[in-house]
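Asks: have a look at this prediction, sequence included:
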Amino acid sequence: MSPPSRQPAGRPFVPAPTKPRPGFPVRLAGMTVPPALATQPVPGLPYGRLAAAVAPASWAAAPVPSGLGLDSSAVRHAMVSRLAAQGLSEPAVLQALAAVERHRFVDSALVNQAYEDTSLPIGLGQTISKPSVVGRMLELLLQGRSRPLGRVLEIGTGCGYQSALLARLAREVYSLERLRALHEKARDQLRPLRLHNVHLILGDGMLGYPKGAPYDAILSAAGGDSIPQAWLDQLAPGGRLVAPAALASGRQSLVVIDKTDQGCVQTVLEAVHFVPLKSGLA
């Protein structure tokens, strides 16, 4: 192992990019939270504080700018206000959506659509999901919990947007991506955010990541005909899994599985459309 790099006192160490290897986590250095977000103390959350989640009503009418102003927090708050009006209500999820800049995770040709409630292609036949769908799945992970999330396993890193959101909701995030090009792209896009609690792994999502188990929650951004047994095995007692699956009906639906002392309890929710779950690396 090489000796640690030297850096000026008081500045976080950001490791240099390394060539990804299957099963090897890429660690991203510590994150600085903008002062504007530190308004309301919430014990146990990763950064200790939580801003008001629902934007003022006046933001809901704010138009999404075309080309300019996408770095404005008002644009993100306007998106969050629209999602809240549609029924999204978990404060921590709304705050995360307001804080993470979605336009930084989409291709430049599609950046004007970044804050619309639409899925967008990110290459290699993959997409970044609609903000409403991402918010819904994150809300399901948190519903009914009496304590903050500890370790979370994300299946399908994609562009890294959902990983950045999970970083604000969980103590530690392990994110698996089977496509090397997307893994590298997500690493590059997340690195400037300095998320110390996100570990990006090039690996087969269907196998999960046993080294990080057990997990308080597992979230999948791809759907198969069934829920892999490996995921259930790696889910902690009292944990929750949220994933799309076709199941017996053949129609892809959002599935929630709660692991109890008596076994796993499955709930099938609304119809969804996600990219197919595949095995192996590419």
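Replies: Everything's here; your move.

Asks: going forward, measure contacts between C-alpha atoms and count neighbours the same way
Replies: OK.

Asks: which pLDDT value goes with the residue nearest to the spatial centre of the chain?
Replies: Among the residues of the chain, the one closest to the centroid is Gln162, at 2.3 Å (CA atoms, centre = their mean). Per-residue confidence (pLDDT) for Gln162: 98.

Asks: show me what contacts it?
Replies: By CA atoms under 8 Å, 6 or more residues apart in numbering, the contact set of Gln162 is Val134.

Asks: by mean pLDDT, point me to the weakest helix or strand of the protein.
Replies: Within the chain, confidence by mean pLDDT, DSSP states H and E is lowest for helix 57-60 among all helices and strands, at a mean of 37.

Asks: show the low-confidence segments of this structure, by residue range.
Replies: 1-69, 71 (pLDDT under 70).

Asks: ok, Cys94 to Glu184 distance?
Replies: Rather than Cys, residue 94 is Leu. 28 Å (CA to CA, to the nearest Å).

Asks: and Gly123, bridged to which residues?
Replies: Beta-bridge partners for Gly123, by DSSP bridges, are Gln126.

Asks: and the longest strand belonging to the chain, what does it pack onto?
Replies: Ranked by residue count, the top strand of the chain under DSSP state E comes out as strand 235-245. Secondary-structure packing of strand 235-245 (3 or more CA pairs under 8 Å, 6 or more residues apart in numbering; DSSP states H and E): helix 131-142, strand 215-220, strand 222-223, strand 253-260.

Asks: element containing Glu184, please.
Replies: If you go by DSSP states H and E, Glu184 is part of helix 180-190.

Asks: for that helix, packing partners?
Replies: The contact analysis (3+ CA pairs under 8 Å, 6+ apart) places helix 180-190 against strand 198-202.

Asks: could I have the strand it packs on exported to PDB, CA atoms only?
Replies: Output in PDB follows, covering the C-alpha atoms of strand 198-202 (Å, rounded to 0.1, in the frame of the first residue of the first chain):
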ATOM      1  CA  VAL A 198     -20.700   6.800  -0.400                       C
ATOM      2  CA  HIS A 199     -18.800   3.700  -1.600                       C
ATOM      3  CA  LEU A 200     -19.000   3.000  -5.400                       C
ATOM      4  CA  ILE A 201     -18.500  -0.600  -6.400                       C
ATOM      5  CA  LEU A 202     -18.100  -2.100  -9.800                       C
END
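
Asks: hang on, the earlier thing: and the angle from the helix holding Glu184 to strand 198-202?
Replies: 160 degrees (axes from the mean of the first three to the mean of the last three CA atoms, to 10 degrees).

Asks: roughly how far is helix 180-190 from the heart of the chain?
Replies: Computed by CA atoms, centre = their mean, to the nearest Å, the chain-centroid distance of helix 180-190 equals 14 Å.

Asks: need the contact partners of it.
Replies: Under CA under 8 Å, 6+ apart, the answer for helix 180-190 is 20, 26, 28, 104-105, 157-160, 164, 177, 200-202, 281-282.

Asks: please repeat the previous calculation with a cut-off of 6 Å.
Replies: Here helix 180-190 makes contact (CA atoms under 6 Å, 6 or more residues apart in numbering) with Gly158, Cys159, Gly160, Glu177.

Asks: just the strands from the stretch 1-150 of the chain, written as ranges.
Replies: 25-27, 120-123, 126-128, 149-155 (DSSP state E, counting those that start in this stretch).

Asks: any idea which helix or strand comes after the last one?
Replies: On the C-terminal side of strand 149-155, the closest following helix or strand by DSSP H and E is helix 161-167.

Asks: against which helices or strands is the following helix or strand past that following helix packed?
Replies: Once helix 161-167 ends, the next helix or strand along the chain (criterion: DSSP H and E) is strand 170-177. In terms of contacts (3 or more CA pairs under 6 Å, 6 or more residues apart in numbering; DSSP states H and E), strand 170-177 is packed against strand 149-155, strand 198-202.

Asks: could you export the helices and strands packed on strand 235-245 as JSON lines, including distance to Gly238 and mean neighbour count?
Replies: Listed next are the helices and strands packed on strand 235-245 as JSON lines, based on distance: least, CA to CA, whole Å; neighbours: other CA atoms under 10 Å:
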{"stretch": "helix 131-142", "distance to Gly238": "12", "mean neighbour count": "20"}
{"stretch": "strand 215-220", "distance to Gly238": "7", "mean neighbour count": "25"}
{"stretch": "strand 222-223", "distance to Gly238": "23", "mean neighbour count": "22"}
{"stretch": "strand 253-260", "distance to Gly238": "5", "mean neighbour count": "20"}
